[in-house]
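> Would you be able to build a 3D model of this:
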Amino acid sequence: MSRASVGAQKGASRASEGARTAYEGILRRQSARESAARTYARALPIVPVRARGLTIEGADGRRYLDCLSGAGTLALGHNHPVVLEAIRKVLDSGAPLHVLDLATPVKDAFTTELFRTLPTEFAARARVQFCGPAGTDAVEAAFKLVRAATGRTGMLAFTGAYHGMTAGALDASGGATDVRVARLPYPQDYRCPFGIGGDGGAELAARWTESMLDDPKSGVPQPAGMILEPVQGEGGVIPAPDAWMRRMREITASRSIPLIADEVQTGVGRTGTFWAVEHSGITPDVMVLSKAIGGSLPLAVVVYRDDLDVWQPGAHAGTFRGNQLAMAAGTATLSYVRENHLAERAGTLGARMLAQLRSLADEFPCIGDVRGRGLMIGVELVDPEAAPDPAAGGSRPAAPELAAAVQRECLRRGLIVELGGRHAGVVRLLPPLTISDEQATAVLDRLADAVGAVARGHGGGGMCGGGGPGGGGRHGGEDAPCGQARDPGDVRDGHAG
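Below you'll find the model as predicted:
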């Protein structure tokens, strides 16, 4: 080897070591300075410095395939060209960036595009309220709206729900403890609250709701509204049956109870239709929207039927409800998803990924259930050595320690996934809608390798069992460095822009 080559190697080694030192310093300072409430940073100790599409590059030089996507915020992935161009256009125009709730061309374009995507019957009578920039702000605004419109105060919500972190939204979420919200059973197959699952379980859940509302001794007075997620995300990626959604619409409409659809995470094509309520064909009275509608920037709105618009001026406000950059990025995102049929693409690709993951579940008994809709996918890890519970429809206990181990092994392989579910036992995939077929294959290969590594770590035939094709080697094996050779995160198809 020549002196020049040796010198170049030493220089690269020093640069790499310097980057590693800087990266570790950033993580140490975050741990010392930031709140104990931080979440993602604990399970994902990376320092992102560059990103494009599905790929994130860390300060240590490693590359990752991002199937968290800002908890579903990044419909087009990181730094999509149409989003960046929309932001630059506003910045270069000299337009004001902060305008409270004044009308602007940017806002008009966003509202026009938003209404173009809404279900036709809903859009025909819709009003929109721009509120604080997070989904939880939209939920709070929706609660205020229906309470003002009905003169009632109580709310109906569902077990397993997640609607945000502010006080009212937490009251309606599944982890609440001291609330003024009536809790209803949310139907699911794998852990049906009635132990039967399927259509029968959904029917019993609907009858329970009707009985509680019509029984004068139920202790639940006529509520101001009902809020539900068409697919529960944090609850464990549980799609609501379409027939049950229609029953909830019938039950609320016949009793003059406004129905609020929380589409914060399910909206903008995520589940295979532009808005998840379209699967069932229902028209809600209120929709709360955030995450993807801002094109990666903070934006939240409440869209509702015009006869609910009883607010007086100033009844609900928010200093940052007029974020011009977010509206421009949101308009670009909404139109790109609509024009390129990315919702349909999410439905097709998601169904294929679910089928492949169910095949993986046949290899590994520690995978109790695979479920989802479109590109909103969950894999529930269970204890395969525990006896199935007949009263719970034959499901096994959740195994959060296995789910956490799979998440760690995924990260080692350059794959970012999230955990959710009742006991944090569900590995969640929320890739951008622009993910290519090749990238989807890489994601599933790395996930299969991670499950295989956890199986081997528990003695092969132990906790996870199995060990067939998913047991290792699909993407470089247990010790393969992230982003090695041809990184599928850099591969684009016609949707990747």
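> Distance check, Ala403 against Ala124.
Ala403 is 44 Å from Ala124, where distance means Cβ to Cβ, to the nearest Å. Every C-beta, even on glycine, is put in place using the N, C-alpha and C of the backbone.
> ugh, typo on my part, it should be Ser31
52 Å.
> Neighbour count for Ala403 and Ala124, which is higher?
More neighbours surround Ala403 than the other of Ala403 and Ala124, with 26 against 12 (other Cβ atoms under 10 Å).
> pLDDT score for the residue nearest the centre of the chain?
Closest residue to the average C-alpha location of the chain: Gly72 at 4.0 Å, with Cα atoms, centre = their mean. We have a pLDDT of 95 for Gly72.
> Contacts only, for it.
Shown in contact with Gly72 (Cβ atoms under 8 Å, 6 or more residues apart in numbering): 233, 265, 270, 291-292, 376, 430.
> can you put those residues in TSV and add pLDDT?
Listed next are those as TSV, based on pLDDT from 0 to 100:
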residue	pLDDT
Gly233	95
Gln265	97
Arg270	98
Lys291	96
Ala292	97
Met376	98
Leu430	98
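> Need these in TSV (columns: distance to Asp445 and secondary structure).
Output for the contacts of Gly72, formatted as TSV (distance: Cβ to Cβ, whole Å; DSSP: H, G, I helix; E, B strand; the rest coil):
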residue	distance to Asp445	secondary structure
Gly233	24	coil
Gln265	26	coil
Arg270	23	coil
Lys291	28	helix
Ala292	27	helix
Met376	20	strand
Leu430	18	coil
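> quick check, nearest of those residues to Leu91?
Leu91 has its nearest neighbour among these in Ala292, at 21.5 Å by Cβ to Cβ.
> which strands and helices sit next to the helix or strand hosting Ser211?
Here Ser211, judged by DSSP states H and E, is contained in helix 198-214. Applying 3 or more Cβ pairs under 8 Å, 6 or more residues apart in numbering; DSSP states H and E, we find helix 198-214 packed against strand 181-184, helix 242-254.
> Can you tell me which of these is packed in deepest?
Most buried of these, by mean neighbour count (mean count of other Cβ atoms under 10 Å): strand 181-184, with a mean of 20.
> List the neighbouring strands of that strand plus their orientation.
strand 155-158 (parallel) (DSSP bridges).
> buried stuff in the partner strand?
Using 16 or more other Cβ atoms under 10 Å as the test for burial, strand 155-158 gives 155-158.
> what mean pLDDT does it have?
Across strand 155-158, the average pLDDT comes to 94.
> neighbouring contacts of that strand?
For strand 155-158, contacts defined as Cβ under 8 Å, 6+ apart pick out 143, 163, 171-174, 180-186, 209, 220, 223-229, 232, 257.
> do stretch 19-29 as well
Stretch 19-29 has contacts (Cβ under 8 Å, 6+ apart) with 45, 47, 58-61.
> Secondary structure element holding Met287?
Using DSSP H and E, Met287 sits within strand 286-289.
> thinking again about what came up before, packing partners for the helix or strand following the helix holding Ser211?
Of the helices and strands lying after helix 198-214 in sequence (DSSP H and E), the nearest is strand 225-228. If contacts are counted by 3+ Cβ pairs under 8 Å, 6+ apart, strand 225-228 sits against helix 135-150, strand 155-158, helix 242-254, strand 259-262.
> can you rerun that using 10 Å?
helix 135-150, strand 155-158, strand 181-184, helix 242-254, strand 259-262, strand 286-289 (3 or more Cβ pairs under 10 Å, 6 or more residues apart in numbering; DSSP states H and E).
> Save the ones you listed as TSV, and put in distance to Leu97 too.
Compiled in TSV, the helices and strands packed on strand 225-228 are given as follows (distance: least, Cβ to Cβ, whole Å):
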stretch	distance to Leu97
helix 135-150	19
strand 155-158	35
strand 181-184	37
helix 242-254	39
strand 259-262	29
strand 286-289	22
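> Quick one: closest of those to Ala167.
With Cβ to Cβ as the measure, helix 135-150 is the member of the helices and strands packed on strand 225-228 nearest Ala167 (8.2 Å).
> Enumerate the beta-bridge partners assigned to the nearest residue to Asn79 once chain neighbours are set aside.
Spatially, and ignoring its direct neighbours in sequence, Asn79 is nearest to Arg52 (5.4 Å; Cβ to Cβ, 6 or more residues apart in numbering). Beta-bridge pairing of Arg52 under DSSP bridges involves Thr55.
> so how many other residues sit close to Arg52?
17.
> Check the gap between Gly233 and Val288 for me.
14 Å.
> Could you do Glu418 as well?
21 Å.
> Of those two, which one has the most company?
Comparing Glu418 with Val288 by other Cβ under 10 Å, the one with more neighbours is Val288, at 31 against 23.
> contacting residues around that one?
Counting by Cβ atoms under 10 Å, 6 or more residues apart in numbering, Val288 makes contact with 131, 135-143, 145, 163-164, 169, 227, 260-264, 267, 300-304.
> so who does the residue lying closest to it once chain neighbours are set aside touch?
Using Cβ to Cβ, 6+ apart and skipping residues adjacent in sequence, the residue nearest Val288 is Ala138, 4.0 Å away. By Cβ under 10 Å, 6+ apart, the residues touching Ala138 are 129-132, 163-164, 169, 260, 262-264, 286-290, 293, 299-303.
> repeat that with 7 Å
Neighbouring residues of Ala138 by Cβ atoms under 7 Å, 6 or more residues apart in numbering: 131, 288-290, 300-302.
> how about CSV for those residues, with distance to Ala355 and pLDDT added?
Below are those laid out as CSV (distance: Cβ to Cβ, whole Å; pLDDT from 0 to 100):
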residue, distance to Ala355, pLDDT
Cys131, 39, 92
Val288, 32, 98
Leu289, 30, 98
Ser290, 31, 97
Ala300, 34, 96
Val301, 35, 96
Val302, 37, 97
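> Going by distance to Arg345, which of those residues wins?
Closest approach to Arg345 among the contacts of Ala138 (Cβ to Cβ): Leu289, at 20.7 Å.
> and that closest one, bridged to which residues?
Under DSSP bridges, the beta-bridge partners of Leu289 are Val301.
> these two touch, right, it and Gly267?
Yes: Leu289 lies in contact with Gly267 (Cβ atoms under 7 Å); the separation is 5.6 Å.
> These two: who's more crowded?
Between Leu289 and Gly267, Gly267 has the larger neighbour count (other Cβ under 10 Å), namely 29 against 26.
> Asp180: neighbour count?
No, residue 180 isn't Asp; it's Arg. Arg180 has 11 neighbouring residues, counting by other Cβ under 10 Å.
> Repeat that for Ala326.
When neighbours are counted by other Cβ under 10 Å, Ala326 registers 22.
> Run through who's touching the helix or strand in which it is found.
Using DSSP H and E, Ala326 falls within helix 324-339. Contacts to helix 324-339, defined as Cβ under 7 Å, 6+ apart, come from residues 75-76, 82-83, 86-87, 89-90, 95, 97, 99, 104, 106-107, 109-110, 113-114, 117, 268-269, 274, 292-299, 343, 433.
> Find the nearest non-adjacent residue to Val370, please.
Leu357 is the one closest to Val370 (Cβ to Cβ, 6+ apart), at 4.5 Å.
> typo on my end, Phe130
In space, and not counting its chain neighbours, Phe130 is closest to Arg321: 4.1 Å by Cβ to Cβ, 6+ apart.
> Pretty sure that neighbour sits in a helix.
No: the assignment for Arg321, made by DSSP: H, G, I helix; E, B strand; the rest coil, is coil rather than a helix.
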